[in-house]
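prediction below, plus the sequence it came from.
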Amino acid sequence: MTQTLTIARVGHQGDGIADTTDGPVFVPGALPGEMVEGAVHAGRMEQFNLIQPSADRRPIHSQTYAECGVAPMQHWADAPYLAWKRELVVATLARAGIDAVVEATVAVPAASRRRLALHARRAEDGRVVLGFKARRSWRLVELTDCPVSDPRLTAALPAFRDVAAPFLGHPKSAPTLHVTLTDTGLDVDVTGVEKKSGGLTGDVRALAIAAAARAGLARLSLDGEVLMMERQPRVTFGRASVPLPSGSFLQAAPRAEAEMVRRAVDAVKGANTVADLFCGAGTFTFPLAEVASVMAADSSASSIAALKAGIGTAQGLKTIRAEARDLFRRPLSPFDLKGIEAIVIDPPRAGALEQTCQIARTKAGVVVGVSCNPATFARDARVLIDAGFRLEKVTPIDQFLWSTHVELVGIFRR
């Protein structure tokens, strides 16, 4: 049955929500205040006619992004969109019983993202198609424009298609190209390639290497195994130039990284010793070492090796000690952290409950929590607060433009 609904708010997954006597109805793509008409099935209105648009509705930036789930909020004006992201953080903290100052969301500009994960498939006409999966579907939406990414990534799409082509010969291969723009050029790591039953022959490797060389890629790797390296991909962290390990983690947008780093460094100023936990290849380590001695730890041995290699490229830094250690299985104890005055922790989406419980027992006076998941941040924050820390402030950061994801930096003191 067709219904006419008025949208009350936008939920945490980006859907417009209308309150009805039968419960909430979720309307993807609708904005607060809009009147929509369409059929409702199982509490959802997947398609609708827009009867009364919001004054905050804007023309979309990309048809590709309109079809896929990567950036479903591109039709919303900047101010209400950024305010909504802040409210996501406020609501998540409130559910954990945490009342803290939440600053305005830090915006990240369009055309600035340096990392993409592109699915590669062969179309019925034989063309190689690169793109993203459609929203709530396995269908691949071809990427023809990419307003969130650095233009150098978009310009290289033909080259990426050539590199992907050799890996599409086996029916079980579903390659994904993890593309990173580094200081020394484009770095591509391919995953999802069938390696058995003739899926990855010497000819396939040779063709892919030749395509990468023609494209001028800095490096091509397969599941982290280097196939071709013309130049060592490098990234700049503070004063250091760091060799980026193949397939390793890197913040998606340089502006977002800079905002996180600045807040972390400002928060620990005055401390003589800082621990950087889940440090990766040194995103925070090197800027922190400009103001304090740093003990860095991460489970990735290759990232720690890259961090150590970067130390020799930087001048005027305080001491850096780096250790490869699984902080989930072997979290650093108060004994391990003895003498540490401030701690920066940037765990994966799952958070770091075990390590946070250990931090709560240390004598550190400042903890900076960096997170890509407000829910696990709030869970871990509760541990610190119960141990006597005060969550001074939280800053949401919109690293993934027009998406439903929000990152944040929280400052704890005691």
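Yep, that arrived. Numbers count the residues shown, from 1 in each chain.

quick check: buried residues in the helix or strand where Ile304 lies?
Using DSSP states H and E, Ile304 sits within helix 301-311. Residues of helix 301-311 classed as buried by neighbour count (16 or more other C-beta atoms under 10 Å): 302-304, 306-311. C-beta coordinates here come from the backbone N, C-alpha and C atoms, glycine included.

ok, stretch 120-128 next?
For stretch 120-128, using 16+ other C-beta under 10 Å, the buried residues are 120-121, 128.

end to end, how far does that stretch reach?
7 Å (C-alpha to C-alpha, to the nearest Å).

what's the following helix or strand after the longest helix along the chain?
Criterion DSSP state H: the longest helix present in the chain is helix 78-95. Where DSSP H and E defines the elements, the next helix or strand beyond helix 78-95 is strand 101-102.

ok, whatever helix or strand comes next after that following strand: who's next to it in the sheet?
Going down the chain from strand 101-102, the next helix or strand is strand 115-122, by DSSP H and E. Using DSSP bridges, the strands paired with strand 115-122 are strand 128-133 (antiparallel), strand 176-182 (antiparallel).

what's in contact with strand 115-122?
Defining contact as C-beta atoms under 8 Å, 6 or more residues apart in numbering, one finds that strand 115-122 is touched by 128-133, 140, 143, 146, 149, 153, 160-161, 164, 167-168, 174-181, 250, 252.

how far out from the middle of the chain is stretch 244-254?
Here stretch 244-254 shows a centroid-to-chain-centroid distance of 10 Å under the convention C-alpha atoms, centre = their mean, to the nearest Å.

what of stretch 370-387?
The answer for stretch 370-387 is 18 Å, by C-alpha atoms, centre = their mean.

Arg255 belongs to a helix?
Yes: under DSSP: H, G, I helix; E, B strand; the rest coil, Arg255 falls within a helix.

that one reaches Arg113, doesn't it?
No: with contact defined as C-beta atoms under 8 Å, Arg255 does not count as touching Arg113 (9.5 Å).

list the contacts of Pro32.
Here Pro32 is in contact with 7-10, 16, 54, 56, 80 (C-beta under 8 Å, 6+ apart).

secondary structure class for it?
Pro32 ends up coil, using three-state DSSP.

next up, the contacts around Gln47.
38-39.

picking up where we left off before, remind me what the helix holding Ile304 packs against, helices and strands.
strand 240-243, strand 293-298, strand 320-324 (3 or more C-beta pairs under 8 Å, 6 or more residues apart in numbering; DSSP states H and E).

returning to that earlier point: which helices and strands sit right next to the longest helix of the chain?
Using 3+ C-beta pairs under 8 Å, 6+ apart, helix 78-95 is in contact with strand 101-102, helix 374-386, strand 390-397.

CA-only coordinates of that helix in CSV, if you can.
Taking Å, rounded to 0.1, in the frame of the first residue of the first chain, the C-alpha atoms of helix 78-95 are listed here in CSV:
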residue,chain,number,x,y,z
ASP,A,78,27.1,20.7,4.6
ALA,A,79,25.9,22.3,7.8
PRO,A,80,23.1,19.9,8.8
TYR,A,81,25.2,16.9,7.5
LEU,A,82,28.1,17.8,9.7
ALA,A,83,25.8,18.5,12.7
TRP,A,84,24.3,15.1,12.2
LYS,A,85,27.7,13.5,12.4
ARG,A,86,28.3,15.3,15.7
GLU,A,87,25.0,14.1,17.0
LEU,A,88,25.9,10.5,16.2
VAL,A,89,28.9,10.9,18.5
VAL,A,90,26.8,12.6,21.2
ALA,A,91,24.1,9.9,21.1
THR,A,92,26.6,7.1,21.2
LEU,A,93,28.4,8.6,24.3
ALA,A,94,25.0,9.2,26.0
ARG,A,95,24.1,5.5,25.6
